[in-house]
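Enquirer: Dropping a prediction and its sequence here:
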Amino acid sequence: MVKKSESNTSTRIFKQAEALIPTPWGDFNMIAFSENEEDWMPHLALVHKDVDPAQPVMVRLHSECITGDLFGSKRCDCGEQLAEALSLAAENGGVVLYLRQEGRGIGIINKLKAYQLQDKGLNTIDANIHLGLEVDARQYDIGVQMLEALDIKKIHLLTNNPDKIDAFDHSEVKVLSRVPLIIKPQKENLGYLKTKQDEMGHLFKL
């Protein structure tokens with residue numbers, strides 16, 4: 001099983017702005033977090049209007065995927081995961097953290113280069129390695145900081161990724177349970193999902 005980098009970011013982020021955003025799933029308060037208010041790509045917290053920080057909160061850490069989230073790409077399950085997470089957050093008074101870590105932290109340009117290599121037969125892991133990139137460069141302590149700023153201390157974590165659970169090991173935010181986020185595979189993303197299951201240790205069975 002491939003493990004992600006053990007490095008952690010030392011970046012400190014802060015609340016910069018917030019506003020109520022009505023969505024198809026319900027009303028969320030969107031809060032922008034970054035080092036400074038001039039950041040054009042801040043991390044975002046979508047906090048449902050019924051969130052009670054004094055109680056355990058359902059939380060999803062979702063890393064940006066412009067191809068899936070915005071354009072509905074079938075090469076991954078990210079867009080469907082985001083929609084399901086927002087639906088569950090609205091149903092349960094939860095929070096979705098939208099982390100600007102495109103392509104598992106390699107950015108959209110490198111992600112498209114990796115897709116080209118995948119079209120030639122490499123899987124998602126080998127394509128990153130071929131480009132001299134980390135298999136997974138995401139830093140989940142950013143999400144921990146955001147939850148701490150929201151005064152959320154106990155969570156039910158909506159994830160299939162064990163690295164996200166591990167990110168809370170030494171934080172003040174306690175993971176009370178893991179809630180699976182299972183999306184039905186499609187023919188275009190079945191190989192991608194099998195790689196995540198078999199080589200990255202994601203917690204689902206295809």
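Expert: Nice, I can see it. Numbers count the residues shown, from 1 in each chain.

Enquirer: going forward, measure contacts between C-alpha atoms and count neighbours the same way
Expert: Noted.

Enquirer: so where do the strands sit in the chain?
Expert: 14-23, 26-34, 43-48, 57-63, 95-99, 154-158, 174-179 (DSSP state E).

Enquirer: Can you tell me the centre-most residue of this structure?
Expert: The centre of the chain sits closest to residue 62, judged by C-alpha atoms, centre = their mean, with a distance of 2.0 Å.

Enquirer: quick one: the nearest residue to it once chain neighbours are set aside from residue 63, how far?
Expert: Distances taken as C-alpha to C-alpha, 6 or more residues apart in numbering put residue 98 closest to residue 62, at 5.0 Å, once the chain neighbours are dropped. Going from residue 98 to residue 63 by C-alpha to C-alpha, to the nearest Å gives 6 Å.

Enquirer: Please apply the same query to residue 97.
Expert: For residue 97 relative to residue 63 (C-alpha to C-alpha), the value is 8 Å.

Enquirer: How about residue 11?
Expert: 17 Å.

Enquirer: Those two: which is more packed in?
Expert: Ranked by neighbour count (other C-alpha atoms under 10 Å), residue 11 and residue 63 place residue 63 first, with 22 against 10.

Enquirer: what residues are up against the more buried one?
Expert: 98, 99, 100, 101, 102, 104 (C-alpha atoms under 8 Å, 6 or more residues apart in numbering).

Enquirer: quick one: which of the residues you listed has the most company?
Expert: residue 99 leads these on contacts (other C-alpha under 10 Å) with 23 neighbours.

Enquirer: what's the longest helix anywhere in the chain in contact with?
Expert: Determined from DSSP state H, the single longest helix within the chain is helix 78-92. Helix 78-92 is contacted from outside by 25-27, 48, 58-60, 62, 65, 68-70, 72-73, 94-96, 158, 181-183, using C-alpha under 8 Å, 6+ apart.

Enquirer: follow-up on the earlier one: between the contacts of residue 63, which sits nearest residue 122?
Expert: Closest to residue 122 out of these is residue 104 (16.7 Å), distances taken as C-alpha to C-alpha.
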